[in-house]
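In: Got a sequence here, can you model it:
(one chain, ligands or ions: 2)
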Amino acid sequence: MAVYTDISETDLAAFLRDYDVGELLSYKGIAEGVENSNFLLHASSGAYILTLYEKRVNPDDLPFFLGLMQHLSDRGISCPLPVRRKDGTTIGQLAGRPAALVTFLEGMWMRRPTVEHCREVGAALAAMHLAGSDFSLRRANALSVSGWRPLWERAKPRADEVAPGFAEETEADLAFLEANWPADLPVGVIHADLFPDNVFFLGKRLSGLIDFYFACTDLLAYDVAICLNAWCFEKDNSFNLTKGRALLGGYTTVRPLSDREAGMLPVLARGSALRFMLTRLYDWLNTPEGSLVVKKDPLEYLRRMRFHRQVRSPAEYGLEPQGATA
Ligand SMILES: Nc1ncnc2c1ncn2[C@@H]1O[C@H](COP(=O)(O)OP(=O)(O)O)[C@@H](O)[C@H]1O
Ligand SMILES: N[C@@H](CCOP(=O)(O)O)C(=O)O
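Out: Ligands and ions are numbered 1, 2, ... in the order given. Below you'll find the predicted structure:
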């Protein structure tokens, strides 16, 4: 689920009076998602998504997230567009939470992405990176290498409850990543959570990207590594080289990777697997029994980490020679 905060029709109608969206026709909570409360809302002017930002979102970050969606949309990236209030701002208050209205994006996410979907998402990620290059706001990535150890220290004492040897294995990966994380790769705006549930398709064609609430300023190639993890592994945890080739092919057609970025892919992919393993592990151990959130399995990402540990070259992810420069 993701409706943590309930709203009354009266409060919603009052909230909407600050917008030029017409009359409220209907609204209902959306079960998907894990971070914020989302509602699908129909007004006489069209369909919208209303988001109430919950406690993991820092209100100070909202101008970055909403400004980024506006910026990307202005540059032709299909993503939700924040709706301006009558006073020109995009952030309001509803039920005691910061809240925003964004445009509704048509399409649905792919439960079983194909090779073609992987190619499309690679190209869309690269287009987003290029479109973000002149975005003026910055946001540090709290979930990059320096943020992993504090998260790990909180989960480590109970990690072996999930699988024997989990703590020792993760400790070794974390130490390796802290010692080998690159600092010299191209930086820009990254989505940082471009999983299949955040990419919509209409038929075979990608119709848009959503959920920019982990977006930040970080290594562009790290975003590619996140997508390799999220899109190119099968249910049995095997890496699908054909999907990897398609995703990387789609990406590099739009934005070639430098030799250095390509060479660091195994480290970046291992780090990205650790990052999602850590947040999943933390949630696994701390989400109260009986809550309506679908917990995600940290072991899936432990298995990906094991895979990346033995990768020696970007060709093992399907990267074709690109004639790249350093
Ligand atoms: N702009 C949008 N257009 C259409 N559906 C959306 C839009 N934004 C969110 N949704 C729907 O809401 C769900 C949860 O949104 P998401 O941003 O992923 O939430 P969370 O940040 O809580 O994970 C999505 O899976 C999708 O069904
Ligand atoms: N993609 C993350 C969890 C964040 O979920 P989202 O619904 O906000 O995309 C994971 O799979 O661990």
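In: Which helix or strand contains the closest residue to Met277 other than its chain neighbours?
Out: Nearest in space to Met277, with sequence neighbours left out and distances taken as Cβ to Cβ, 6 or more residues apart in numbering, is Tyr301 at 3.5 Å. Using the backbone N, CA and C atoms, a C-beta is placed for each residue, glycine as well. Using DSSP states H and E, Tyr301 sits within helix 298-309.
In: returning to what we had before: what is the burial count for the residue nearest to Met277?
Out: The number of residues packed near Tyr301 is 23, by other Cβ atoms under 10 Å.
In: Kindly report the same for the one 10 residues further on.
Out: Burial of Val311 is recorded as 16 neighbouring residues (other Cβ under 10 Å).
In: Surely it is in contact with Pro266?
Out: Yes: using Cβ atoms under 8 Å, Val311 is in contact with Pro266, at 4.2 Å.
In: Find residues that contact each of these two.
Out: Taking Cβ atoms under 8 Å, 6 or more residues apart in numbering as the contact rule, Val311 and Pro266 both touch Tyr317.
In: residues in contact with the nearest residue to Glu23 once chain neighbours are set aside?
Out: Distances taken as Cβ to Cβ, 6+ apart put Ser44 closest to Glu23, at 4.5 Å, once the chain neighbours are dropped. Taking Cβ under 8 Å, 6+ apart as the criterion, Ser44 is in contact with 21-23, 25.
In: helix or strand for the residue in the stretch 201-326 of the chain that ligand 1 sits nearest to, which one?
Out: The nearest approach of the stretch 201-326 of the chain to ligand 1 comes at Asp211, 3.5 Å away (Cβ to the nearest ligand atom). Per DSSP H and E, Asp211 falls between elements, in no helix or strand.
In: Pull the number of nearby residues for it.
Out: Asp211 has 22 nearby residues by other Cβ under 10 Å.
In: from what I can see it touches Asn198, true?
Out: Yes: in this structure, Asp211 is within contact of Asn198 by Cβ under 8 Å, at 4.3 Å.
In: Count the neighbours of the residue of the chain found nearest ligand 1 for me.
Out: Ligand 1 sits closest to Gly33 of the chain, with a gap of 2.7 Å, by Cβ to the nearest ligand atom. When neighbours are counted by other Cβ under 10 Å, Gly33 registers 19.
In: mind listing what Leu143 touches?
Out: Leu143 touches 151, 192, 214, 275, 279, counting by Cβ under 8 Å, 6+ apart.
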